[in-house]
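Visitor: predicted model follows, preceded by the sequence.
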Amino acid sequence: PRPVDAFDEVEIQETCEKELLCHPEYDWIFNITTATTLMSIGAYKAAEKCRVEHKMQIKCWYLNTANTRVISLGGSGRDEHIFSIMVDQYVTAYNYQLQSGNLRAYQDHYRESDWLAIAKMLGQNLQRADVLKQIMGEADVKGSPKRPKEGEEDIFKGYTLEKCVTSEAHDLLKELEAVGLLKNLRKDSSGLRFALSEKQYKFLNGAWLELYVYQSAQDLGIFDDCQWNKEIVDNNLNRRAKTVLQYNELDVSMTYKAQLLIVECKTGKAGFESKTLDDLVTIADLLGGRFVGKLLVTNKSPSDEIDPNKETSYEDLMTKADRKGVYLVTGNQLPNIRGILK
């Protein structure tokens, strides 16, 4: 409907009533969080008039979200289960939808017991996660392996680790090979050599952290819904034509009492970049702004060196995160991720 005067009770009521009568088959949600008190009264009076004068089957409830209470103002009531919604239902309220993200082809494999055990081990052991971070950062990285075409065998790319060839790195790589996370591990005069498929590369290069956080949230059993590796798609064609979503990934997302919590997971230097915070806030703004819980989870620790070219210290990053309402979880806190999410 067209904009109305927020303090004109008659205009507010008439506008609400007109919309209700145009679409009597709809269920309506009036978001009065940022409304004037008169707008709340106008919506309520419109509901009453439609119920009494127009004989519509109106059920009018006031939802006290913080305390999960439903106060019936007309018609039959409702219990607190109305607050138990899924992530895709929450997103729908903002005229978006969810689809599987870039890990869609591999998620089921990543959840298998051996790979999940590795994700949990890395999350619970900062030292070994640091060793993996060094390996992936130093091992002849010239782009990830290619994804095979449907029905074809995995395509493997060879890697050579010439620096940080330590017993810890060798032991970790042997453990990863034993569960199928790499193959052809060998040691020669050049260093350590091994081969990775795209599935393995993506897991070791960051998907393990997403899986660790997602499984930790699932294991808590307190969320109405938990989702991993989703992308947001805009349903509004006019909005989509004007503003293309620059950032649309939800690494891990949860709903609790009809509220959304989103988690951005970053391994390596991106975990301490200001842009990562900005991207997280941008996506939260699409889905409720400051009412969305926001966490940035990284395997980097406060003692890690910040990129000097960025001229950003850890303290600067913490200050910016606090200002933007983002809870920053660093590598030394990863073993307690369940407690933090709770």
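Guide: Yep, that arrived.
Visitor: pLDDT on the helix ranked longest in the chain, on average?
Guide: With secondary structure taken from DSSP state H, the chain has its longest helix at helix 37-52. The predicted model assigns helix 37-52 a mean pLDDT of 92.
Visitor: same thing with stretch 155-172?
Guide: On average, the pLDDT along stretch 155-172 is 88.
Visitor: in the stretch 51-200 of the chain, where is pLDDT below threshold?
Guide: 140-144, 150-152 (pLDDT under 70).
Visitor: neighbours of the nearest residue to residue 102 once chain neighbours are set aside, how many?
Guide: The shortest distance from residue 102 to any residue other than its chain neighbours is 7.2 Å, reached at residue 229 (C-beta to C-beta, 6 or more residues apart in numbering). From N, CA and C alone the C-beta is placed, and that goes for glycine too. Residues lying near residue 229 (other C-beta atoms under 10 Å) number 22.
Visitor: residue 229 belongs to a strand?
Guide: Yes: Residue 229 forms part of a strand when assessed by DSSP: H, G, I helix; E, B strand; the rest coil.
Visitor: and the gap between it and residue 293?
Guide: Distance of residue 229 to residue 293, computed by C-beta to C-beta, to the nearest Å: 19 Å.
Visitor: can you check residue 316 too?
Guide: 23 Å.
Visitor: please identify which of these two sits among more neighbours.
Guide: residue 293 (18 against 14).
Visitor: list the beta-bridge partners for the more buried one.
Guide: For residue 293, the beta-bridge partners are residue 261 (DSSP bridges).
Visitor: got the contact list for it?
Guide: Shown in contact with residue 293 (C-beta atoms under 8 Å, 6 or more residues apart in numbering): 259-262, 327.
Visitor: nearest to residue 269 among the residues you listed?
Guide: residue 327 (20.0 Å; C-beta to C-beta).
Visitor: which of the helices or strands spans the nearest residue to the closest one once chain neighbours are set aside?
Guide: Leaving aside its chain neighbours, residue 327 sits nearest to residue 295 (4.9 Å; criterion: C-beta to C-beta, 6+ apart). Assigned by DSSP states H and E, residue 295 belongs to strand 293-298.
Visitor: C-alpha coordinates for that strand, CSV please?
Guide: C-alpha atoms of strand 293-298 as CSV (Å, rounded to 0.1, in the frame of the first residue of the first chain):
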residue,chain,number,x,y,z
GLY,A,293,22.6,-12.6,15.6
LYS,A,294,26.0,-12.4,13.8
LEU,A,295,29.1,-14.5,14.5
LEU,A,296,32.4,-14.5,12.7
VAL,A,297,34.3,-17.7,13.3
THR,A,298,38.0,-18.1,12.3
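Visitor: could you find the lowest-pLDDT member of the contacts of residue 293?
Guide: residue 259 (91).
Visitor: can you get me a residue count around it?
Guide: So residue 259, with other C-beta under 10 Å, has 17 neighbours.
Visitor: that one and residue 194, how far apart?
Guide: Residue 259 is 44 Å from residue 194, by C-beta to C-beta.
Visitor: do residue 175 as well
Guide: 12 Å.
Visitor: residue 204 too?
Guide: For residue 204, the distance to residue 194 - C-beta to C-beta - is 10 Å.
Visitor: what's near enough to touch the nearest residue to residue 297 once chain neighbours are set aside?
Guide: Nearest non-adjacent residue to residue 297, counting by C-beta to C-beta, 6+ apart: residue 329, 4.4 Å away. Residues near residue 329 by C-beta under 8 Å, 6+ apart: 295-298, 337, 340.
Visitor: switch to 10 Å and redo it
Guide: 213, 263, 265, 271, 295-299, 336-337, 340-341 (C-beta atoms under 10 Å, 6 or more residues apart in numbering).
Visitor: what is the nearest of these to residue 102?
Guide: Out of the contacts of residue 329, the member with the shortest distance to residue 102 (by C-beta to C-beta) is residue 265, at 13.3 Å.
Visitor: tell me if I'm right that the closest one and residue 205 touch.
Guide: No: using C-beta atoms under 10 Å, residue 265 makes no contact with residue 205, being 11.7 Å away.
Visitor: pick out whichever of these two has more residues nearby.
Guide: Set side by side, residue 265 and residue 205 show more neighbours around residue 265, with 25 against 18, by other C-beta under 10 Å.
Visitor: for the more buried one, helix, strand, or coil?
Guide: strand.
Visitor: which residues touch it?
Guide: 206-214, 228-229, 251-252, 271, 295-299, 329 are the contacts of residue 265 under C-beta under 10 Å, 6+ apart.
Visitor: so what's the residue count around the nearest residue to residue 258 once chain neighbours are set aside?
Guide: In space, and not counting its chain neighbours, residue 258 is closest to residue 83: 4.3 Å by C-beta to C-beta, 6+ apart. Number of residues near residue 83 (other C-beta under 10 Å) recorded here: 20.
Visitor: alright, I will stop here.
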